[in-house]
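**Student:** Just the structure for this:
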Amino acid sequence: MRSTNLSRIGSLLYLLILASGISHAGAVFSTEVRPLYSFNQSPLIQIYGLPALGEARVLAQDESDLALRLQISNNFTGAQTAGEFLNLDGETHRLTLAWRQGLGDGREWGFELPYLWYTGGFLDTYIERFHDSSSLPQGGRTDVPLNRVNYRYVRHGVNLINVTHPVNGPGDLRLQGAKQIETPETSGYAAALRASLKLPTGRESELLGSGSTDLALWLSVATTRPPDQWNMYGGGGIMYMTEGRVLPLQQRNHVAFATFGVSRMILPHLTVSGQLDAQTPFYDYTQFRQLNSYPIQGLVGARWELVPRKFLEFSISEDLIVDTSADVVFTLSLILPF
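**Tutor:** Numbers count the residues shown, from 1 in each chain. This is a model prediction of the structure:
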């Protein structure tokens, strides 16, 4: 099943490249700064509408792009007190189809539609070998079976989350919009105001959605130096959430989030990036840091421009504040203009 899913995704990537064309005679390669695509992949956080930063440049009229993004995240954490029990052990494969369309006058709209698999996966063995070879602690990984799905949260004897078998299905749909507020021609940098509306289209009983409607508003800013120099990007905002159906009595109704990163082209058409993502807690009324702490993720990644404005991007994310986000996330994105 796992290899079948990955082979189908690979075939889809190949067909998209062919469909978009591979020749752009006379075209100019992109010089704009693109943040790494990332947001917290904890099973209890990625169900909400927490957005990736997005570009500081809004698409021009008649410009559009299609992105196919695969995120594979591995989670292993747990905690127990007299009144609470939490276990997050499993792997999430999140495949997102994203579309953006320029509307003119510095405006754009788009959507993201994810499909999720909660599975035992295949990363446990490699992570344990890496920990052994690096003399890092296993944190209890070797005490439980490999490649299992076990997402459970019990509070005062009530089983509030119980996903202990592989599940898959569509996640929550996100509608997005943006407005250009600063351009390099006028300010020497680019800035865009972005917004996202997440709708409860996924099954919250299986952690495919949150059951809430979430509205996020944020600013994305980037320097516009030549690409072979270091450029900085960043931004932040706030997200408001209606009461969902996953831990509704503990869910906060708003969170703040921020991103900062740097990027530089080191070879023709190859750009490397480093990035930090941070958020405020999503939950209250718990002693567990997995729910009530301030997550920070660190990323490194590279983007290869295959042909003008066709990108293949890869990144690795680690939880810098342990247990507050996925242990490791691998993200592969294909971005194509249409």
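**Student:** Can you report how many residues neighbour Ile266?
**Tutor:** Other residues near Ile266 number 11, with proximity taken as other Cβ atoms under 10 Å. Where C-beta positions appear, they are placed from N, C-alpha and C, glycine not excepted.
**Student:** Also Leu247?
**Tutor:** Each residue near Leu247 was counted by other Cβ under 10 Å, and the total is 19.
**Student:** What of Asn74?
**Tutor:** Residues near Asn74, counting by other Cβ under 10 Å, number 20.
**Student:** what ranges do the helices span in the stretch 151-300 of the chain?
**Tutor:** 184-187, 289-292 (DSSP state H, counting those that start in this stretch).
**Student:** Tell me which of these approaches Phe130 most closely.
**Tutor:** Across the helices of the stretch 151-300 of the chain, Phe130 has its closest neighbour in helix 289-292 (22.0 Å, Cβ to Cβ).
**Student:** Can you name every helix or strand that the closest one contacts?
**Tutor:** With contacts defined as 3 or more Cβ pairs under 8 Å, 6 or more residues apart in numbering; DSSP states H and E, helix 289-292 has these neighbours: strand 64-80, strand 84-104.
**Student:** Dump the ones you listed to a markdown table, plus mean pLDDT and distance to Arg264.
**Tutor:** Conversion of those to a markdown table gives the following (pLDDT from 0 to 100; distance: least, Cβ to Cβ, whole Å):
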| stretch | mean pLDDT | distance to Arg264 |
| --- | --- | --- |
| strand 64-80 | 95 | 22 |
| strand 84-104 | 96 | 25 |
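**Student:** Identify whichever of those strands lies nearest to Arg34.
**Tutor:** Comparison of the helices and strands packed on helix 289-292 against Arg34 by Cβ to Cβ identifies strand 64-80 as nearest, at 10.8 Å.
**Student:** could you dump the helices of the stretch 151-300 of the chain to CSV with mean neighbour count?
**Tutor:** Formatted as CSV, those follow (neighbours: other Cβ atoms under 10 Å):
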stretch, mean neighbour count
helix 184-187, 11
helix 289-292, 20
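**Student:** now those helices as JSON lines including mean pLDDT?
**Tutor:** As requested, the helices of the stretch 151-300 of the chain are arranged in JSON lines below (pLDDT from 0 to 100):
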{"stretch": "helix 184-187", "mean pLDDT": "84"}
{"stretch": "helix 289-292", "mean pLDDT": "96"}
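**Student:** Of all these, which one is nearest Thr119?
**Tutor:** When the helices of the stretch 151-300 of the chain are compared by Cβ to Cβ, helix 289-292 sits nearest Thr119, at 20.3 Å.
**Student:** Show me how far that closest one is from its chain's centre.
**Tutor:** How far helix 289-292 lies from its chain's middle: 19 Å, per Cα atoms, centre = their mean, to the nearest Å.
**Student:** again with stretch 43-57
**Tutor:** Averaging C-alpha positions (Cα atoms, centre = their mean) puts stretch 43-57 6 Å from its chain's average.
**Student:** which residues touch the nearest residue to Thr77 once chain neighbours are set aside?
**Tutor:** Using Cβ to Cβ, 6 or more residues apart in numbering and skipping the chain neighbours, the partner closest in space to Thr77 is Asp323 (4.5 Å). Shown in contact with Asp323 (Cβ atoms under 8 Å, 6 or more residues apart in numbering): Thr77, Ala79, Arg289, Gln290, Ser293.
**Student:** The last one contacts Ile321, doesn't it?
**Tutor:** Meaning Ser293. Yes: using Cβ atoms under 8 Å, Ser293 is in contact with Ile321, at 6.2 Å.
**Student:** higher neighbour count, those two?
**Tutor:** Remark: of Ser293 and Ile321, Ser293 carries more neighbours, 17 against 14, as counted by other Cβ under 10 Å.
**Student:** So what does that one look like in phi/psi?
**Tutor:** Here is the backbone geometry of Ser293 (degrees, to the nearest 10): phi -100, psi 180.
**Student:** which SS state does the residue nearest to it when sequence neighbours are not counted fall under?
**Tutor:** Excluding its sequence neighbours, the residue lying closest to Ser293 (Cβ to Cβ, 6+ apart) is Thr324, at 4.8 Å. Following DSSP: H, G, I helix; E, B strand; the rest coil, Thr324 is assigned to coil.
**Student:** got a list of what Thr324 touches?
**Tutor:** Asn40, Ser42, Arg289, Gln290, Ser293, Tyr294, Pro295, Ile296.
**Student:** Contacts only, for the residue nearest to Ile127 when sequence neighbours are not counted.
**Tutor:** Computed as Cβ to Cβ, 6+ apart, the closest residue to Ile127 that is not its neighbour in sequence is Asn74, at 6.3 Å. Going by Cβ under 8 Å, 6+ apart, Asn74 touches Glu91, Gly121, Leu123, Asp124, Ile127, Ala326, Asp327, Val328, Val329.
**Student:** wouldn't the first one be in contact with Ser73 here?
**Tutor:** Right, Glu91. Yes: with contacts counted by Cβ under 8 Å, Glu91 reaches Ser73, the gap being 6.9 Å.
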